[in-house]
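Q: Take this sequence and fold it.
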Amino acid sequence: MIAIEDLEVRLGDFRLLIGRLEVRDGEYLMVLGPSGVGKTVLLHTLAGLMKPCRGRILVDGEDVTNTPPEKRGFALIPQNYALFPNMSVYDNIAYGLRARGVSEDDVRRTVTELADILEIKHLLGRKPNQLSGGEQQRVAVARALAIKPRILLLDEPLANLDPRLRSKAREFLKGLHQELGFTALHVTHNIADAVYLGERIAYMEEGRLVAVLRPEEFLASKYAKPYIDDLMPVFRSFHG
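A: Purely as a prediction, here's the structure:
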């Protein structure tokens, strides 16, 4: 379990304040809120890319607040996927394993297994600029999962996809999570993403965590009001 306790992060005049937030083992937790409320700051702090002024980040009771990013065992997928343009898909997926000294036999086994699950085996020899947005997303997910992270951190990975691909990508992520059972914290400002993917939704306003609710609870709450115009397609996807 990942637990955040009394966390405060300062970035210029902006303050992020998280009193208590838990991500349960195997949970897909969505963090929802308008742009500028600190969702990405929260992810970067969890990943170790930003330092809090106070508070703690615990993993199974172990304090990792001051642990270097590469030793936390977290994997971050940024909005632009950050694939290495000069590397093949195979080498992108293998990168984290090789950096950890994994044998080439085990690298090959892991890359092949993930490529099969994510249906990208036919892409392994290509470069990122030869892939569609949806294909790049799958490669980024494979690269992140290859190192068997304690938690997968996703920073609006669907934001750059058109509506049709975004819907397909949501289905892909939901099915993959059901199959593999990894732990994920996924930030978005899109209500459909949050309700379709989230087992719970952590809602943020003005740098603060204000509620953690199940999707059906969120839709019935006052926090859903800003999203009222988008609710009908959400209800259709949620009740399916």
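Q: just checking, Ile93 is part of a helix?
A: Yes - checked against DSSP: H, G, I helix; E, B strand; the rest coil, Ile93 lies within a helix.
Q: While we're on it, how confident is the model there?
A: Looking at Ile93, its pLDDT reads 97.
Q: what's the spacing between it and Gln137?
A: Separation of Ile93 from Gln137 (Cβ to Cβ, to the nearest Å): 13 Å. For every residue, glycine as well, the C-beta is placed using N, CA and C.
Q: And those two? Which one has more around it.
A: Shown here are Ile93 and Gln137; by other Cβ atoms under 10 Å, Ile93 has more neighbours (28 against 25).
Q: Can you tell me the SS state at the residue of the chain most remote from its centre?
A: Residue farthest from the centre of the chain, counting by Cα atoms, centre = their mean, is Asp105 at 28.4 Å. Following three-state DSSP, we place Asp105 in the helix state.
Q: quick one: low-confidence ranges for this structure?
A: 231-240 (pLDDT under 70).
Q: Which residue ranges of it form helices?
A: For the chain, the helices defined by DSSP state H occupy 39-47, 89-99, 104-117, 133-146, 163-180, 191-197, 215-219, 231-239.
Q: helices and strands around the first one, which ones?
A: Yep, that's helix 39-47 we're talking about. Secondary-structure packing of helix 39-47 (3 or more Cβ pairs under 8 Å, 6 or more residues apart in numbering; DSSP states H and E): strand 2-11, strand 14-23, strand 74-77, strand 151-155, strand 184-188.
Q: The last one vs helix 39-47, what angle?
A: Between strand 184-188 and helix 39-47, the angle formed by their directions is 160 degrees, by axes from the mean of the first three to the mean of the last three Cα atoms, to 10 degrees.
Q: Check the offset of strand 184-188 from the chain's centre.
A: Distance of strand 184-188 from the chain centroid (Cα atoms, centre = their mean, to the nearest Å) equals 4 Å.
Q: give the contact list for Pro52.
A: Counting by Cβ atoms under 8 Å, 6 or more residues apart in numbering, Pro52 touches Leu7, Glu8, Val9, Thr45, Thr65.
Q: can you pull the contacts of the fourth one?
A: Which is Thr45. Counted by Cβ under 8 Å, 6+ apart, Thr45 has contacts Leu7, Val9, Leu16, Lys51, Pro52, Ile57.
Q: got it, and the first one?
A: Applying Cβ under 8 Å, 6+ apart, we find Leu7 in contact with Leu16, Leu17, Ile18, Thr45, Pro52, Arg54, Gly55, Arg56, Ile57.
Q: gap between it and Gly207?
A: Distance, Leu7 to Gly207, by Cβ to Cβ: 11 Å.
Q: cool, and the fourth one?
A: Computed with Cβ to Cβ, the distance linking Thr45 and Gly207 is 12 Å.
Q: what's the answer for Asn86, then?
A: From Asn86 across to Gly207, the span is 38 Å (Cβ to Cβ).
Q: between these two, who's got more neighbours?
A: Taking other Cβ under 10 Å, Asn86 and Gly207 do not tie; Gly207 has more neighbours (21 against 10).
Q: Point to the residue nearest the middle of this structure.
A: Nearest residue to the geometric centre of the chain (Cα atoms, centre = their mean): Leu154, 1.9 Å.
Q: quick one, what contacts the residue lying closest to it once chain neighbours are set aside?
A: Nearest residue to Leu154, sequence neighbours excluded (Cβ to Cβ, 6 or more residues apart in numbering): His186, at 4.1 Å. His186 is in contact with Tyr28, Leu29, Met30, Val31, Leu153, Leu154, Pro157, Leu173, Asp193, Leu197, Gly198, counting by Cβ under 8 Å, 6+ apart.
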